[in-house]
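Q: 3D, please:
(one chain, ligands or ions: 1)
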Amino acid sequence: MFVGHYGVSFAAKKIDASVPLWVLFVAVQLLDVAWAPCVLLGIERVRIVPGITASNPLDLYYMPYTHSLVAAVLWSAGAFVLYRVAVPRSPKAAALLVAAAVFSHWLLDLVVHRPDLPLYDDAVKVGLGLWNLPVLAFGLEAVLLFGGMWLYFRTGAARRTATAAFCLIMLAVQASVFFGPPPASDKAAAATALGGYVVFAAVIGLLERRPRSAAAA
Ligand SMILES: [Zn+2]
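A: Got it, this is the predicted structure:
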């Protein structure tokens, strides 16, 4: 899953508005944010196999450190501790929300991935394979993204038009991943993904900043 993860970020704002949206954007993609450098360094492996799923050509055959269930639990716990340390005055519930956002990545990946998600190490791989039904998989990404955005807007969020336009752009990026040409290589896929995560988090950080008039009030 790709942009659908961000629906969880938006929905989390409805639960606790104190956590910055850019933090939640990084949190829901943390496993992939860690995966990309692991692939670039050769610690985890992916190969491009056109046709391996109906919507993307990624054969994610070795990713025990970022996408096993055990690893997802550990990354979530790490995010909890990091948030507690980085924002010491925030309530424990806020750090728990960040940890839950990190873990949500694995659950949503479980729905779409082919059985390439190990429960532990590189063993017992699971995945429900919705990627083989591209229209449904794309629809799920859109419903999650815009459903979450709708919840976020109900918190009185600023810059709704710009945020909605940004979500449409993210969905267009998703469409190009699903229906466009395959990535040039495994490393190109990882580098492009990482660049996307950084840019998306930076843009939502800018969009969430309070308008100047509201900040002065
Ligand atoms: Zn992932």
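
Q: quick check, residue 47 in a helix?
A: No. Residue 47 is assigned strand when assessed by DSSP: H, G, I helix; E, B strand; the rest coil, not a helix.

Q: Mind listing the residues bridging to it?
A: For residue 47, the beta-bridge partners are residue 59 (DSSP bridges).

Q: how near is it to residue 39?
A: 10 Å (C-beta to C-beta, to the nearest Å). All C-beta spots, glycine's among them, are computed from the backbone N, C-alpha and C.

Q: Touching both of those two, which residues are there?
A: By the contact definition C-beta atoms under 8 Å, 6 or more residues apart in numbering, residue 47 and residue 39 are jointly contacted by residue 186.

Q: Quick check on these two: which one has the bigger neighbour count.
A: Just comparing residue 47 and residue 39: by other C-beta atoms under 10 Å the higher neighbour count belongs to residue 39, 23 against 14.

Q: Can you get me a residue count around the nearest residue to residue 109 once chain neighbours are set aside?
A: Excluding its sequence neighbours, the residue lying closest to residue 109 (C-beta to C-beta, 6 or more residues apart in numbering) is residue 1, at 5.6 Å. Residues near residue 1, counting by other C-beta under 10 Å, number 25.

Q: One more: the one 5 residues further on?
A: A total of 27 residues lie near residue 6 under the criterion other C-beta under 10 Å.

Q: May I ask which helix or strand encompasses it?
A: Assigned by DSSP states H and E, residue 6 belongs to helix 5-15.

Q: And that helix, what does it pack against?
A: In terms of contacts (3 or more C-beta pairs under 8 Å, 6 or more residues apart in numbering; DSSP states H and E), helix 5-15 is packed against helix 21-28, helix 92-112, helix 134-153.

Q: Which one of those helices lies nearest to the ion?
A: Shortest distance between the ion and the helices and strands packed on helix 5-15, using C-beta to the ion, is found for helix 92-112: 4.5 Å.

Q: and the angle from the closest one to helix 21-28?
A: Relative orientation of helix 92-112 versus helix 21-28 (axes from the mean of the first three to the mean of the last three C-alpha atoms, to 10 degrees): 50 degrees.

Q: by contact count, what packs against helix 92-112?
A: The contact analysis (3+ C-beta pairs under 8 Å, 6+ apart) places helix 92-112 against helix 5-15, helix 21-28, helix 30-40, helix 69-86, strand 117-120, helix 134-153.

Q: Highest mean neighbour count out of these?
A: Burial of the helices and strands packed on helix 92-112 is given as mean neighbour count (mean count of other C-beta atoms under 10 Å); helix 21-28 ranks first at a mean of 25.

Q: And that helix, how far out from the chain middle?
A: 8 Å (C-alpha atoms, centre = their mean, to the nearest Å).

Q: hang on, residue 186 packs against residue 39?
A: Yes. Under the criterion of C-beta atoms under 8 Å, residue 186 makes contact with residue 39 at 6.2 Å.

Q: export the helices and strands packed on helix 5-15 to JSON lines and tack on distance to the ion and mean pLDDT?
A: Putting those into JSON lines (distance: least, C-beta to the ion, whole Å; pLDDT from 0 to 100) gives the following:
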{"stretch": "helix 21-28", "distance to the ion": "10", "mean pLDDT": "98"}
{"stretch": "helix 92-112", "distance to the ion": "5", "mean pLDDT": "97"}
{"stretch": "helix 134-153", "distance to the ion": "13", "mean pLDDT": "97"}
